[in-house]
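[1] Prediction below, plus the sequence it came from.
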Amino acid sequence: GIGEGDASTTTTMLNDETLVKKGLMVYRALQNLAIRNKTTVGDESKTSSFVNEGSLISVDCIRESDENDGNGPFLRLSDGSGWLFEHMNYEKFMEPVPIEKGNWLLNVTNPVGITIRSQPIDSDDFMTDVTLEPGEECLCDRKIRFSPKINFYRVKGRNGWVFDFREEEDYQVMEVIEYYGNITEKENEIDNTKNNDPWTLDFVRGIASAIEGVNEIEMTEEFIESRRVISFRNSLEQIRINVYYTTKTVGTCLDHPRKDKSQLFRKNCTNLDLVEIMRNPQVYKGSQRDCARIDVVHDEDTIDAEIEIRYNILKCDESLAELRRRKAELLKSIKEHDEIRHDEAEKYEILRSSKEREEYFKTTKQDWLNFKR
């Protein structure tokens with residue numbers, strides 16, 4: 001079930017899985033609307049993030065309300081940042097828009113490049129940390145018509161969006177250079193489970209907030225960001241879940257003070273894997289080729305020590321990357337010095353040859369004068 005509260009509140013309880021629809025869907029906001037952190041229309045679940053009237057929002061899960069209260073259905077944003085709703089008290093706030101499936105190859109024509117957005121919205125608030133450089137090409141698999149001039153495209157293999165025209169400044173930022181036709185249902189099925197981008201903290205927290213009984217274990221933001229791990233506890237099954245969000249590795253272990261347990265690490269998880277692990281961590285297996293079980297006597301110190309080890313490994317990787325970068329800079333510097341020495345040698349050779357010619361002419365002229373005498 002999703003949500004919390006009782007029938008006297010605006011929270012919607014969802015216990016029937018038949019009320020859930022999954023996949024990529026896009027809605028248009030009919031009014032300004034605050035993003036919620038759970039499936040409720042109440043003010044208590046409002047976050048500080050908003051979507052403006054007319055904005056397009058991509059969602060990956062729709063949950064119908066089983067209460068006839070005029071609220072819902074509830075829409076989970078595909079970037080994991082929270083929930084919106086189609087109706088509140090029977091008033092419509094969002095409406096679905098059609099999505100065109102296909103394969104488009106686009107080229108960046110904007111002279112400063114274009115930053116991929118987490119939602120089909122041309123706003124700095126939804127920028128990711130990935131920027132496509134001028135002239136760079138990208139393959140997209142979904143197209144949404146925002147206006148007669150502006151289209152948004154989903155970048156294939158990423159949970160992100162680009163657009164082709166900026167109407168306020170009246171110039172094109174990307175152009176379609178090839179269209180490969182419609183994608184098959186099989187490609188669509190595979191694409192819904194593949195995403196090579198690392199998870200974000202907001203995405204992981206958004207998934208956890210949608211699952212009953214899963215609560216975040218309190219840690220400082222500095223600790224989470226430095227260790228690149230965020231932890232949750234599934235109170236229904238007494239399972240601790242450690243999500244290494246940059247590598248998409250999820251570790252689970254029984255969170256019980258009097259029992260010896262084992263940890264199971266699942267690597268290269270998909271978004272669906274993360275949802276299913278959080279929902280049912282003892283049963284869900286996912287891709288067995290990427291599973292590793294480690295038998296340990298579990299306590300909080302053991303988990304923290306394991307986190308510290310993983311953090312140190314990441315720091316080693318960063319140090320190696322920095323050394324490789326420094327080596328490349330030194331090699332480049334050596335090449336530059338070699339080129340400078342080569343240029344200086346050429347200049348010296350030209351100067352030396354010039355002086356020799358001048359001395360030759362002086363000597364020849366003196367010999368001629370002596371001959372005339």
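    Arrived safely, thanks for sending.

[2] Let's verify the nearest residue to Gly82 once chain neighbours are set aside: helix, strand, or coil?
    Nearest non-adjacent residue to Gly82, counting by C-beta to C-beta, 6 or more residues apart in numbering: Ile35, 4.1 Å away. Heads up, the C-betas are built off the backbone N, CA and C, glycines and all. Classification of Ile35 using DSSP: H, G, I helix; E, B strand; the rest coil returns strand.

[3] per-residue confidence at Ile35?
    At Ile35, the model reports a pLDDT of 95.

[4] I'd like the distance between it and Lys347.
    65 Å (C-beta to C-beta, to the nearest Å).

[5] more neighbours, those two?
    Neighbours per residue (other C-beta atoms under 10 Å) separate Ile35 from Lys347, with Ile35 holding more: 18 against 10.

[6] What is the least confident helix or strand in the protein?
    Across the helices and strands of the chain, mean pLDDT, DSSP states H and E gives its lowest value to helix 185-191, namely a mean of 42.

[7] List the residues that contact Glu216.
    Residues in contact with Glu216 (C-beta atoms under 8 Å, 6 or more residues apart in numbering) are Arg205, Ala208, Ile230, Ser231, Phe232.

[8] which residues are in contact with whichever helix or strand the first one is part of?
    Using DSSP states H and E, Arg205 falls within helix 201-209. The contact list for helix 201-209, computed with C-beta under 8 Å, 6+ apart, reads 37-38, 76-77, 79-82, 214-216, 224-225, 230, 232, 243, 245, 271, 274-275, 278.

[9] what about the stretch 101-250 of the chain, any weak spots by pLDDT?
    The stretch 101-250 of the chain contains residues with pLDDT under 70 at 181-196.

[10] Which residue ranges of the stretch 201-350 of the chain form helices?
    201-209, 221-227, 271-279, 300-372 (DSSP state H, counting those that start in this stretch).

[11] pretty sure Asp164 is in contact with Ser147, am I right?
    No. Counting by C-beta atoms under 8 Å, Asp164 does not reach Ser147; the two are 11.0 Å apart.

[12] Between the two, which has more neighbouring residues?
    For Asp164 versus Ser147, neighbours defined as other C-beta under 10 Å are more numerous around Asp164 (21 against 9).

[13] Grab the nearest non-local neighbour of the more buried one.
    Met174 is the one closest to Asp164 (C-beta to C-beta, 6+ apart), at 4.6 Å.

[14] quick one, what contacts the one you found?
    Per C-beta under 8 Å, 6+ apart, neighbours of Met174: Leu106, Asn107, Val108, Thr109, Asn110, Ile114, Tyr153, Val162, Phe163, Asp164.

[15] quick one: which of the contacts of Glu216 is most hemmed in?
    In the contacts of Glu216, the most neighbours by other C-beta under 10 Å go to Phe232, 24 neighbours.

[16] Tell me which helix or strand the spatially closest residue to Ser118 that is not a sequence neighbour sits in.
    Closest residue to Ser118 apart from its sequence neighbours, by C-beta to C-beta, 6+ apart: Asp79 at 4.0 Å. Secondary structure from DSSP H and E places Asp79 outside every helix and strand.

[17] Show the model's pLDDT score for Asp79.
    88.

[18] and the gap between Asn89 and Val41?
    8 Å.

[19] tell me, what's touching those two both at once?
    Asn71.

[20] what about Trp199, is that helix, strand or coil?
    coil.

[21] So it is in contact with Asp273, correct?
    No. In this structure, Trp199 is not within contact of Asp273 by C-beta under 8 Å, at 11.0 Å.

[22] Neighbour count for those two, which is higher?
    Trp199 (23 against 19).

[23] residues touching that one, list them.
    Per C-beta under 8 Å, 6+ apart, neighbours of Trp199: Gly80, Val243, Tyr245, Thr246, Lys248, Leu274.

[24] repeat that with 7 Å
    Going by C-beta atoms under 7 Å, 6 or more residues apart in numbering, Trp199 touches Tyr245, Lys248.

[25] likewise Asn68?
    Contacts of Asn68 (C-beta under 7 Å, 6+ apart): none.

[26] Phi first, then psi, for it.
    phi -90, psi 70 (degrees, to the nearest 10).

[27] before we move on, the earlier item: and which of the contacts of Glu216 is nearest Pro134?
    Arg205 (34.7 Å; C-beta to C-beta).

[28] From Tyr245, how far off is the closest one?
    10 Å.

[29] What of Thr47?
    For Thr47, the distance to Tyr245 - C-beta to C-beta - is 19 Å.

[30] Also Phe93?
    31 Å.

[31] Check Val176 too.
    33 Å.

[32] what does Tyr27 give?
    Tyr27 is 26 Å from Tyr245, by C-beta to C-beta.

[33] before we move on, what about Glu276?
    In terms of C-beta to C-beta, Glu276 sits 17 Å off from Tyr245.

[34] what's the answer for Trp104, then?
    For Trp104 relative to Tyr245 (C-beta to C-beta), the value is 30 Å.

[35] cool, and Gly113?
    26 Å.

[36] Looking at those two now, which is surrounded by more residues?
    Tyr245 (21 against 13).

[37] List the contacts of the more buried one.
    Pro198, Trp199, Thr200, Leu201, Val204, Arg228, Ile230.

[38] Please type out the PyMOL selection for whichever of the residues you listed turn out to be buried.
    In PyMOL, the members of these classed as buried (16 or more other C-beta atoms under 10 Å) are selected with the following command:
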select buried, resi 199+200+204+228+230
